[in-house]
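Undergrad: Below: sequence and its predicted model.
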Amino acid sequence: MIRVVIAGARGKMGQEAVRMVTGEPSFQLVAVVDIKFAGLMMKDVEGMEPLDVPVYNDLHDCFAEVESDVLIDFTAPEIGKKHVVTALEHGVRPVVGTTGFSEEDVKELSALAESKRTGAIIAPNFAIGAILMMKFSQMAAKYLNDVEIIEQHHDRKLDAPSGTAVKTAQMIAEVRESKRQGHPEEKEQLAGARGADFDGLRIHSVRLPGFVAHQEVIFGGEGQSLKIRHDSFHRSSFMPGVKLACETVMKLDILVYGLEHIIE
Ligand SMILES: NC(=O)C1=CN([C@@H]2O[C@H](COP(=O)(O)OP(=O)(O)OC[C@H]3O[C@@H](n4cnc5c(N)ncnc54)[C@H](OP(=O)(O)O)[C@@H]3O)[C@@H](O)[C@H]2O)C=CC1
Ligand SMILES: O=C(O)C1=N[C@H](C(=O)O)C[C@H](O)C1
């Protein structure tokens, strides 16, 4: 039985994670963390499932009182980072979907996980299709050097570009010869028209109501184009990956960044 705490449990992903954990016989939801409600049971909080599970507003207090194995975090970057540190300090393994961490943050947290010999997984995207999209894009970038990423999300999203787009660009950068794309003398007539620059590759972020999470990676070559696209139409698409991460993190003693490293 894996004892799980969920931070951000009232959020869109947190609610989905609560459903996944409570529906999984080998997992036990032992507590949730929410800044606005503490000292209550989930069943007494509007917007939470009717469960006899305690709600904490502070992760230290939670771990001091509740025996836990895994922390699932779907919150926001600043608090998410603090949560990872707190979890590792208590010997609890973090499984983190929160995006917006910098490369420095990931390095820092990796060093902490290593020093504590405690497993951790940070995955900017838990959907298997998105992992494949990233891997296929990395394969294609070996042969097609010119690429732009268009990511599309709901308009409640705080970070731009998305964690998935950044991870895709990082994976592409591992194999793509560094290159500034477009005309060498191109000028933006409106600031931002060419998107965000990652090693000369451009990332464009669309935010619209009705969207969930979508990304297209477009390659251009002499007389041809290749498009690799993934769509998450529902947040349930992320849950098999979260479940796998919770099981896998129990066997790790380092931090793994990206689900592609744990999918066979
Ligand atoms: N890795 C993946 O596969 C996926 C990752 N994500 C990422 O997960 C994160 C959450 O997304 P989503 O669920 O859509 O966002 P929501 O805004 O719906 O939920 C965020 C939750 O975090 C809580 N929260 C925010 N700040 C704090 C804080 N300081 N302390 C404690 N709790 C806090 C919010 O509480 P309150 O409402 O009270 O402010 C809310 O319950 C984002 O970073 C997003 O990019 C999303 C989808 C998939
Ligand atoms: O905020 C979201 O919704 C999502 N965030 C993650 C990201 O930033 O890539 C994963 C997915 O795209 C949904």
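TA: Alright, I've got the coordinates. Ligands and ions are numbered 1, 2, ... in the order given.

Undergrad: Figure out how far stretch 190-205 is from the centre of its chain.
TA: 21 Å (Cα atoms, centre = their mean, to the nearest Å).

Undergrad: same thing with stretch 88-106?
TA: On Cα atoms, centre = their mean, the centre of stretch 88-106 falls 10 Å from that of its chain.

Undergrad: Check which residues of that stretch are buried.
TA: Of the residues in stretch 88-106, 88, 90, 92-101, 105-106 count as buried by neighbour count, 16 or more other Cβ atoms under 10 Å. For the C-beta atoms, the positions are set from N, CA and C on the backbone; glycine is no exception.

Undergrad: What of stretch 62-79?
TA: 62-63, 68-75, 77, 79.

Undergrad: Check stretch 129-138 too.
TA: Neighbour-count burial for stretch 129-138, counted by 16+ other Cβ under 10 Å, picks out 130-131, 133-134, 137-138.

Undergrad: just stretch 38-56 next, same as before
TA: Those would be 42, 45, 48, 53-56, for stretch 38-56 by 16+ other Cβ under 10 Å.

Undergrad: Max pairwise distance over these: which two?
TA: Met48 and Tyr56 (12.8 Å; Cβ to Cβ).

Undergrad: Which neighbours do these two have in common?
TA: Residues touching both Met48 and Tyr56 by Cβ atoms under 8 Å, 6 or more residues apart in numbering: Val32.

Undergrad: Tell me the secondary structure at Gly220.
TA: strand (DSSP: H, G, I helix; E, B strand; the rest coil).

Undergrad: my guess is it meets Asp146, correct?
TA: Yes: Gly220 lies in contact with Asp146 (Cβ atoms under 8 Å); the separation is 4.7 Å.

Undergrad: who's more crowded, these two?
TA: Neighbours around Gly220 and Asp146, counted as other Cβ atoms under 10 Å, are more numerous at Asp146. The numbers are 17 against 14.

Undergrad: that older thread, rebuild the buried residues of stretch 129-138 as CSV, extending it with distance to ligand 2.
TA: As requested, the buried residues of stretch 129-138 are exported to CSV (distance: Cβ to the nearest ligand atom, whole Å):
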residue, distance to ligand 2
Ala130, 7
Ile131, 11
Met133, 11
Met134, 10
Ser137, 14
Gln138, 16
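
Undergrad: Show me what the helix or strand hosting His60 is packed up against.
TA: Assigned by DSSP states H and E, His60 falls within helix 59-65. If you count contacts as 3 or more Cβ pairs under 8 Å, 6 or more residues apart in numbering; DSSP states H and E, helix 59-65 packs onto strand 2-7, strand 27-33, strand 54-56, helix 77-89.

Undergrad: what about the longest one, near ligand 1?
TA: Yes: in this structure, helix 77-89 sits against ligand 1 according to Cβ under 6 Å from any ligand atom; the contacting residues are Ile79.

Undergrad: circling back: of the buried residues of stretch 38-56, which is the nearest to ligand 2?
TA: Ranked by distance to ligand 2 (Cβ to the nearest ligand atom), the buried residues of stretch 38-56 are led by Met48 at 20.0 Å.

Undergrad: How about the closest one, nearest residue that isn't a chain neighbour?
TA: If the residues on either side of it in the chain are set aside, Met48 comes closest to Met42, at 4.3 Å by Cβ to Cβ, 6 or more residues apart in numbering.

Undergrad: Enumerate the residues of this structure near ligand 2.
TA: Contact residues (Cβ under 6 Å from any ligand atom) of the chain with ligand 2: 99, 124-125, 153, 157, 159, 162-164, 213.

Undergrad: quick revisit: got a markdown table for the buried residues of stretch 38-56, with pLDDT and distance to ligand 1 too?
TA: Below are these laid out as a markdown table (pLDDT from 0 to 100; distance: Cβ to the nearest ligand atom, whole Å):
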| residue | pLDDT | distance to ligand 1 |
| --- | --- | --- |
| Met42 | 97 | 13 |
| Val45 | 93 | 11 |
| Met48 | 92 | 10 |
| Val53 | 97 | 15 |
| Pro54 | 97 | 15 |
| Val55 | 97 | 11 |
| Tyr56 | 96 | 10 |
